[in-house]
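Enquirer: missing the sequence, but the structure's below:
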């Protein structure tokens, strides 16, 4: 990457002081945003979840964000924590608030597709002061999560509404990104910049250039949302809408027999008479999605008029590698294995999102670096200017040190992201006679056992395995009576070498004595 | 003598902040439009495609001897298979056709498979002790259709960096249920190309 900048004619300390003054002004205007480490904050939250303190985790999220209505991440993390805490209504409220923020973003884009002045502070301080608009895959998952909450409550008609909105949101994101990539390309060309991560010396390119990431069609569509659409439309007797759902899921996640069977057998299933069986879809979610980490790099910025290079520290987000995922085994009645499909790798989607965002992140970083380089260069000039007194030179040196320290402190990459999302999602689908069945999920972190009571032709059960804890949703079936209990925990048994911390049996609400529970 | 006036940096900052603040004041406007107007917002399947296909297919079907014969045939509508990767509600196409055909007064429609459950429930409800059985409808009186209307919609999508081309084809057929003879069939095509 090559970016050049020429200093203005010398005006003493003024340019550097201006830079510092503006930086301080923006830092104060943006509160603590410029210095917040979202990764650290969420580690704290996740530790609370691991210890079973979901209310405490929610308090931490609220305390860190301030709980403002427009804070998208606050709503997203709260929605997920409330969901795990069995508060489906509260979760839906938080998702609705998040959805309103995303809708405002969509409307803002429609009114002004360029929106160049909206995040002016990020050109001066860092990307942490930018308004968090959510990564594209997160926006798509908001309505998917709303649909899953409706399904858990037996409200399949409103789940259908949320699913339909997911398709519409995907289409709009596709349109927005196509326009944005073109704009970044044009701007980069105009500035003579090649915004590729390969241009950042020392950047762990391999973390963003994996075969899994390259296999993704884009950074926002996911097979889970589409498979879920196929399943819901099928359950509601709409095969013409169900088929494209399954078809898109296959396109996004090819080579999975379970997904192909769903499409191949659709007409037979829809046309079949009720035989007393239930078609159960289990959505098994594991872990929390990989988070971004701010890492510092040094880039040389040339000063054209003097032919010198100034080394400027710049922070870019990286996503450290994660251990490989092994899909869990699902057993019915402790012995009958059920076919599973690893349908969604959100870690890879997070990497793809970062890869897609990097050109814009790099452009902003280089604009910041250029102004800092000019200010730094002028300071150095002041120091070495023989016509200046010793006192003035000392003043310049101190100002330069202050500016370098200030610049290093302010230069932090944006680590924000919806961290309460799972890292991996596996589906299991099986036809079982209606009635009660024992389900076992065996993963590298241990074994989870629970009972399901199936009462309709279709049912959906969501399971979350997170840091040694297991959370099982109520069985959602079309036409189910409202007022079902919230999420319940299942009895989790540790494996010999658990991946997570010690596994406890959680009691969500209200505490009950037996370790095995029947999910209604 | 020339004088160059430079904008003070503080003024530039103030201007930038004002632009951001004013930018947030724009409000979206809502208005009613013509539901039949041509819609070309994106090249996905849209309202104009739906209206065009349904209209063309209805006109074609009304010319079929089985319909034009004037003996008020009874039809049932089957699911039109969606073989595209787009979420196209094919019932919206057949519902529109059904409305136009019914208004023509040349066909009647029997309850289709999708409506059967609700029809059964209503019959059973009226058969319960809650109703005056002398005035309630009786079971076993439903009339079966003589013809079934079905079909499929397919698409071919070609996309390059600058162009997206989508081709839709709707195929419908009308089959005599008793004889299995196809009495009418037709295909209608739509091509949409978007240049970026």
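Expert: Great, that's in hand. Quick caveat, the model's predicted, so the values are computed rather than measured.

Enquirer: nearest spatial neighbour of residue A:443, chain-adjacent residues omitted?
Expert: Residue nearest to residue A:443 in three dimensions, not counting chain neighbours: residue A:328, with 3.7 Å by C-beta to C-beta, 6 or more residues apart in numbering or on different chains. Where you see a C-beta, it was placed from the backbone N, CA and C, and this is true even at glycine.

Enquirer: got the residues of chain A near chain B?
Expert: Within chain A, the positions near chain B by C-beta under 8 Å from any C-beta of the partner chain are A:18, A:22, A:107, A:110-112, A:115, A:117-118, A:120, A:164, A:167, A:171, A:175, A:178, A:229, A:237-241, A:243-245, A:247-248, A:251, A:267, A:270-271.

Enquirer: if we can go back for a sec, what is the neighbour count of the residue nearest to residue A:443?
Expert: 24 (other C-beta atoms under 10 Å in any protein chain shown).

Enquirer: ok, it to residue B:64 distance?
Expert: Using C-beta to C-beta, to the nearest Å, residue A:328 is found at 56 Å from residue B:64.

Enquirer: quick one: name whatever helix or strand follows the helix or strand residue A:300 falls within.
Expert: Element membership of residue A:300, judged by DSSP states H and E, is strand A:293-303. As assigned by DSSP H and E, the chain's next helix or strand after strand A:293-303 is strand A:308-318.

Enquirer: so residue A:441 sits in a strand?
Expert: Yes. Counting by DSSP: H, G, I helix; E, B strand; the rest coil, residue A:441 is found in a strand.

Enquirer: list the residues that contact it.
Expert: A:284, A:328, A:329, A:330, A:331, A:447, A:448, A:449, A:463, A:465, A:470 (C-beta atoms under 8 Å, 6 or more residues apart in numbering or on different chains).

Enquirer: need phi/psi at the residue most central in space within chain A.
Expert: For chain A, residue A:418 is the residue whose C-alpha lies nearest the centre (C-alpha atoms, centre = their mean; 3.9 Å). The phi/psi pair for residue A:418 (degrees, to the nearest 10) reads phi -80, psi 90.

Enquirer: so how far is chain B from it?
Expert: Per C-beta to the nearest C-beta, to the nearest Å, residue A:418 is found 25 Å from chain B.

Enquirer: show me the contacts for that residue.
Expert: A:73, A:76, A:77, A:80, A:134, A:135, A:138, A:141, A:289.

Enquirer: could you do residue B:87 as well?
Expert: Shown in contact with residue B:87 (C-beta under 8 Å, 6+ apart): A:164, A:167, A:229, A:241, A:244, A:245.

Enquirer: around the second one, how many other residues sit close by?
Expert: Applying other C-beta under 10 Å, we find 21 residues neighbouring residue A:167.

Enquirer: okay, domains of chain B per the record?
Expert: B:44-110+B:145-191, B:113-144 (automatic domain parsing).

Enquirer: which of those sits most buried?
Expert: Using mean count of other C-beta atoms under 10 Å in any protein chain shown, the stretch among those with the largest mean neighbour count is domain B:44-110+B:145-191, at a mean of 17.

Enquirer: so how far is the first residue of it from its last?
Expert: 11 Å (C-alpha to C-alpha, to the nearest Å).

Enquirer: now that domain, how far from the centre of its chain.
Expert: Relative to its chain's centre, domain B:44-110+B:145-191 lies at 10 Å (C-alpha atoms, centre = their mean, to the nearest Å).

Enquirer: same question for that domain, mean pLDDT?
Expert: Averaging pLDDT along domain B:44-110+B:145-191 gives 94.

Enquirer: and for stretch A:217-228?
Expert: 94.

Enquirer: give me the buried positions along that stretch.
Expert: A:218, A:219, A:220, A:221, A:222, A:223, A:224, A:225, A:226, A:227, A:228 (16 or more other C-beta atoms under 10 Å in any protein chain shown).
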